[in-house]
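Q: sequence first, then the predicted structure, then my questions.
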Amino acid sequence: MAFTVADYILTRLSQQQVNTLFGVPAAFCAPLFDAVGPHGIKSVVTASDLEAGYAADGYARTKGLGAVAVANGVGMLSMINAIAGAFVERSPVVVLNGGPNAGNLNNLTDFDVLFSHSTGQPDTDLAAYRLVTASAARAGKASEVPAVVDSAIATAIRKKRPVYVEINRDIWTQACPMPAGPLPLAIPAAGTEQQLAATIVGLIRAAMSPVILVGTEIQRYGLAGKVAELIAKLGVRWSTALLAKSVLPEQGNGWVGVYAPPHSTPAARNAVEHADLLVMLGCVFPSNYATLVTTGGNRIVSAYDGKVKIKGGPKQNAEIGALVSALVTEAAKAPPKPVPAAVDPPAPAPPTGPLTYRQVFERIGAALDDSWLVVPDTFLGVASAANLPVKGRDSFMCGAVWASIGHSVAAAVGASFGSSRRPLVICGDGGFHMTAQALSTLARYARDPVVVVIDNGIYAFEQFLIDDAYFGNPSAQPRPYVVLNRWDFVTFANGLGVQSAQSVNTAAAFDQALATAKASGAPALIVAKVDPHGLPAELS
Ligand SMILES: Cc1ncc(C[n+]2csc(CCOP(=O)(O)OP(=O)(O)O)c2C)c(N)n1
């Protein structure tokens, strides 16, 4: 049988250890799904296109590269939110689209006949994805496929961002040359790294209270081990931005806690905000970091996206991998300094009375071991999630910057394939409403995430941002537009095939439900019912 265009793409993906293709098939891309088997790739069909995008993103964050294919137009535009998040948060997902053929395009331009799911523009998907990917290209002929695909996958891996590949729907099964040689994955050093590293290490050694803020690029480029070495050699304290939580094990010396303003722990706040030198390595900053970054001026060194900026100086080119290696080499030139001891998290209060937001996090914190991957959503509990004592490296995954509610449940689908850890999702009821059908995918493919839904009946985070006085006053009414339709979550989960589902309203019952879910090895839902007026500890 001939080696086809679909085979080419799947070969290149499997060479990069991608063994799962997420998506929702449609005629324009179905031949890709038909071809997966011989490549050792499994297709995972999700309950929605948005879920497919989040799942591929969760897989990419945990495995290093992900792939997804959905229907052109209707599927692609539905999924674009997930890929925008992957772009912002540096998650390399290969988006594969079956695009119009020559006849479709002629009928559109000559006769105004729309091809399937067309907006009436020949390249809507391509143009839209150009905005949220590191590269977007279309292959109209089989002969163009090797160059288009190689360039896209290499870009995804080098830039740690999603890429978009559109294949003329007619050519999936056409003959295509086999891949020639390895992908060009090397990232050339800029040549400045050694000198910049000498300057930065000199500044750290001269500082009284330096802190390294470790960011996402360190995880994505596999540099965590080297940064751990750097911390040990320099005896420096360290924190992470929320997006990068668990890039290094948090029980090590020098750890001061996640810095996620405005609700960080006093230890993290003091260390980061009062550091006389703050070295920020590969951090993606959302707006809540603006004060720190924009007013830091003379005490900040930052390395991000191929550039280094030292204390208000100009941005200089530097490749992060070469820079981190050079920092370690420079740091090794003097004897290691002792690293200050880690700051211990506060002990939880005894679990009494009705379940509270605070208790849910305390109980989860007490139950964490190194089998779990904690996957919080964007909700009132995000600051509490930042402080969870997760165990070991890569034990936390969160859409902390793009902040799209519902990400957690669907990204856990992908992470359950990409990580050896078991996802423990923590989501608000409103966020759960967004991607709740993902429970069906978990059941169908026998995945084992545990999903904790904190059921307070409202979009509490929105209420908090609009009028937080509501939370201190038990008789206050929430804004009408933050009130949710109440679901019977247990019946809903059972209906989707998740048999282990229970609703709890005390801390003891929550502990029991979590232990049962852990023992089951099957997907599980725990509905934690809390008072809508309650706040997590960090916001009280
Ligand atoms: C896709 C998307 N839609 C809307 C928002 C705005 N938003 C941010 S938090 C939030 C409320 C979340 O409510 P819930 O999941 O119930 O958690 P809670 O805040 O009650 O803990 C909303 C609507 C968003 N961030 N993402």
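A: In hand now; what should we look at?
Q: in the sheet, who's paired with the closest residue to the ligand within the chain?
A: Ranked by C-beta to the nearest ligand atom, the top residue of the chain for proximity to the ligand is Gly428, at 1.9 Å. (Each C-beta comes from the backbone N, C-alpha and C, glycine too.) On the basis of DSSP bridges, Gly428 takes part in beta bridges with Ile454.
Q: what does the protein have sitting close to the ligand?
A: For the chain, the residues in contact with the ligand under the definition C-beta under 6 Å from any ligand atom are 378-381, 403-405, 428-431, 454, 456, 458-462.
Q: give me every residue that touches the residue lying closest to Gly235 once chain neighbours are set aside.
A: With C-beta to C-beta, 6 or more residues apart in numbering as the measure, Lys337 is the residue that lies nearest to Gly235, at 2.8 Å, once sequence neighbours are left out. Going by C-beta atoms under 8 Å, 6 or more residues apart in numbering, Lys337 touches 233-236.
Q: same check, this time on Ile405
A: If you count contacts by C-beta under 8 Å, 6+ apart, Ile405 has them with 377-379, 428, 430-431, 434.
Q: repeat that with 7 Å
A: For Ile405, the contacting residues are 377-379, 430-431, 434, by C-beta atoms under 7 Å, 6 or more residues apart in numbering.
Q: pick out the most distant pair among the residues you listed.
A: Spatial extent of the contacts of Ile405 (C-beta to C-beta) is set by the pair Phe379 and Met434 at 11.1 Å.
Q: those two: who's more crowded?
A: It is Phe379, of Phe379 and Met434, that has more neighbours when counted by other C-beta atoms under 10 Å, with 27 against 23.
Q: ok, the closest residue to the more buried one other than its chain neighbours - contacts?
A: With C-beta to C-beta, 6+ apart as the criterion, Phe379 has its nearest non-adjacent residue at 3.6 Å, and that residue is Gly428. By C-beta under 7 Å, 6+ apart, the contact list for Gly428 reads 377, 379-380, 454, 460.
Q: out of the contacts of Ile405, which comes closest to Glu193?
A: Ranking the contacts of Ile405 by separation from Glu193, with C-beta to C-beta as the measure, puts Thr378 on top at 35.6 Å.
Q: can you pull the pLDDT of that closest one?
A: Turning to Thr378, the model gives it a pLDDT of 98.
Q: can you say which helix or strand has the residue nearest to it when sequence neighbours are not counted in it?
A: Closest residue to Thr378 apart from its sequence neighbours, by C-beta to C-beta, 6+ apart: Ala403 at 4.3 Å. Take DSSP states H and E as the rule and Ala403 turns out to sit in neither a helix nor a strand.
Q: from Ile426, how far out is Ala403?
A: Using C-beta to C-beta, to the nearest Å, Ala403 is found at 15 Å from Ile426.
Q: same check, this time on Met280
A: Going from Met280 to Ile426 by C-beta to C-beta gives 27 Å.
Q: before we move on, what about Gln463?
A: Counting by C-beta to C-beta - Gln463 and Ile426 are separated by 19 Å.
Q: before we move on, what about Ala509?
A: Relative to Ile426, Ala509 is positioned 17 Å away (criterion: C-beta to C-beta).
Q: also Pro351?
A: Per C-beta to C-beta, Pro351 is found 17 Å from Ile426.
Q: ok, the two, which is more surrounded?
A: Set Pro351 next to Ile426 and count neighbours by other C-beta under 10 Å: Ile426 wins out with 27 against 17.
Q: alright, I will stop here.
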